[in-house]
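Visitor: Sequence and predicted model, in that order:
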Amino acid sequence: MYIMANGSLVLILIHTDVTKYLSFKAVDASFVYKGKVGVLKYGLEDDSFDFIGHALALYSVDNYLDQPALNFVKRMKLYAESLARFQGGSPYIYQLYGLGELPQVCLYL
């Protein structure tokens, strides 16, 4: 399971000071594939909207296009902050020793 490096779960773990019992590693890279591999250009084309909405803002369906932009901007901000947190090329982190550590650190609270 990948976790956003600056998401709510990570912020809670840092606030409760249980991160000293956990080991995380940044994912080396993240890739998106839809038919063909392309480079995101500055001029937004139709495929760019799909790429940004699904790969960066992590929307699973296209209904974000009909909603106010505030939630979209918050998701993009989370992506950018998570990307900058470890400077490793991906906004995602994972636990080195598996998901079993999360319930165990709750005992230390």
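Guide: Done, it's in. Numbering: from 1, shown residues only.
Visitor: drop to CA atoms for contacts and neighbour counts, all remaining ones
Guide: Will do.
Visitor: name the element Leu13 belongs to?
Guide: Using DSSP states H and E, Leu13 maps to helix 8-15.
Visitor: which helices and strands does that helix pack with?
Guide: Helices and strands touching helix 8-15, by 3 or more CA pairs under 8 Å, 6 or more residues apart in numbering; DSSP states H and E, are strand 3-4.
Visitor: picking up where we left off before, from the middle of its chain, how far away would whichever helix or strand comes after the helix holding Leu13 be?
Guide: Moving toward the C-terminus from helix 8-15, the next helix or strand (DSSP H and E) is strand 24-26. In terms of CA atoms, centre = their mean, to the nearest Å, the gap separating the centre of strand 24-26 from the centre of its chain is 13 Å.
Visitor: Could you pull out the buried residues of the lengthiest helix in the chain?
Guide: In the chain, taking DSSP state H as the definition, the longest helix is helix 69-86. By neighbour count on 16 or more other CA atoms under 10 Å, the buried set for helix 69-86 is 72, 75-76, 78-83, 85-86.
Visitor: Give me the mean pLDDT for the helix holding Leu13.
Guide: For helix 8-15, the mean pLDDT works out to 88.
Visitor: now stretch 74-82
Guide: 91.
Visitor: Give me the neighbour count for the closest residue to Val61 other than its chain neighbours.
Guide: Distance criterion CA to CA, 6 or more residues apart in numbering; nearest residue to Val61, sequence neighbours excluded, is His54 at 7.7 Å. His54: 16 surrounding residues under other CA atoms under 10 Å.
Visitor: is it true that His54 lies in a helix?
Guide: Yes. Counting by DSSP: H, G, I helix; E, B strand; the rest coil, His54 is found in a helix.
Visitor: before we move on, back to that, check which residues of the helix holding Leu13 are buried.
Guide: Residues of helix 8-15 classed as buried by neighbour count (16+ other CA under 10 Å): Leu13.
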